[in-house]
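Visitor: sequence and predicted structure, then a few things I'm wondering about:
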Amino acid sequence: AQSVAQPEDQVNVAEGNPLTVKCTYSVSGNPYLFWYVQYPNRGLQFLLKYITGDNLVKGSYGFEAEFNKSQTSFHLKKPSALVSDSALYFCAVRDPGRRGSQGNLIFGKGTKLSVKP
Amino acid sequence: EAQVTQNPRYLITVTGKKLTVTCSQNMNHEYMSWYRQDPGLGLRQIYYSMNVEVTDKGDVPEGYKVSRKEKRNFPLILESPSPNQTSLYFCASSPTGNYGYTFGSGTRLTVV
């Protein structure tokens, strides 16, 4: 069965420093991977996705993520964190090789990012 | 404006009283889905639909029903709500499985 793990409940970063939010996944075939962000009292916003192609994916608000097949990881990164990046971040995975899974997007438990001035 | 609209935003109800949370999208998306969000558990998929009259169970379908009679609408039905269904619910839609979901603003449900 497909699954996704975010090993850190919270990540604390100083403004201006690089940030990394970790995500690992488990699927039987090649995964479709996504990152979302949720600001307080808001819905989820799409940041970026990996379907195929270049392992480094660039997304909204200066975020990027690197797909690493050997480590089954899809960590979210940003070179210089902003206080306004403070939010809850979710990694999600779909297994396109699994019959009937087209709408079945599985989310991690989320990582709270806190960026301090 | 392209969006997913859920109603109501907030709902307090009593155990056993049937309720429906509506969801509508104006983007002509094929896929629609319902998730619930609980602290420490992240988002868990309840049901999803790949087209009109095509639905499938997610990870936590017990106690919920859905229907997809029209492409734009995907209501979530709780026939007999219980306190353990107190949660934040999100509806979402997507054009295909290769795209991420676009989420609604959420419905905070409290069952007392």
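Guide: Happy to help now that I have it.

Visitor: tell me which stretches of the chain form strands.
Guide: No chain specified, so I'll use chain A. Listed in chain order, the strands of chain A (DSSP state E) span A:3-5, A:10-14, A:19-21, A:24-26, A:32-38, A:44-50, A:56-58, A:64-68, A:73-78, A:87-94, A:106-107, A:111-116.

Visitor: nope, chain B please
Guide: With DSSP E as the criterion, chain B has strands spanning B:4-7, B:10-13, B:19-25, B:31-38, B:42-51, B:54-57, B:65-66, B:76-78, B:87-94, B:102-103, B:107-111.

Visitor: how about the ones you listed in CSV, adding mean neighbour count and distance to chain A?
Guide: For the C-beta atoms, the positions are set from N, CA and C on the backbone; glycine is no exception. Output for the strands of chain B, formatted as CSV (neighbours: other C-beta atoms under 10 Å in any protein chain shown; distance: least, C-beta to the nearest C-beta, whole Å):
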stretch, mean neighbour count, distance to chain A
strand B:4-7, 19, 8
strand B:10-13, 13, 11
strand B:19-25, 18, 12
strand B:31-38, 24, 5
strand B:42-51, 22, 4
strand B:54-57, 16, 6
strand B:65-66, 18, 12
strand B:76-78, 19, 15
strand B:87-94, 24, 6
strand B:102-103, 22, 4
strand B:107-111, 18, 9
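
Visitor: now render those as JSON lines, adding mean pLDDT.
Guide: Shown next, in JSON lines, are the strands of chain B (pLDDT from 0 to 100):
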{"stretch": "strand B:4-7", "mean pLDDT": "96"}
{"stretch": "strand B:10-13", "mean pLDDT": "97"}
{"stretch": "strand B:19-25", "mean pLDDT": "98"}
{"stretch": "strand B:31-38", "mean pLDDT": "95"}
{"stretch": "strand B:42-51", "mean pLDDT": "92"}
{"stretch": "strand B:54-57", "mean pLDDT": "91"}
{"stretch": "strand B:65-66", "mean pLDDT": "97"}
{"stretch": "strand B:76-78", "mean pLDDT": "98"}
{"stretch": "strand B:87-94", "mean pLDDT": "96"}
{"stretch": "strand B:102-103", "mean pLDDT": "93"}
{"stretch": "strand B:107-111", "mean pLDDT": "97"}
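
Visitor: what is the burial count for A:Leu105?
Guide: 27 (other C-beta atoms under 10 Å in any protein chain shown).

Visitor: ignore what I typed, I meant B:Lys69.
Guide: 9.

Visitor: got a pLDDT number for the residue nearest to B:Val111 when sequence neighbours are not counted?
Guide: Leaving aside its sequence neighbours, B:Val111 sits nearest to B:Pro81 (C-beta to C-beta, 6 or more residues apart in numbering or on different chains; 4.5 Å). B:Pro81 carries a pLDDT score of 97 in this model.
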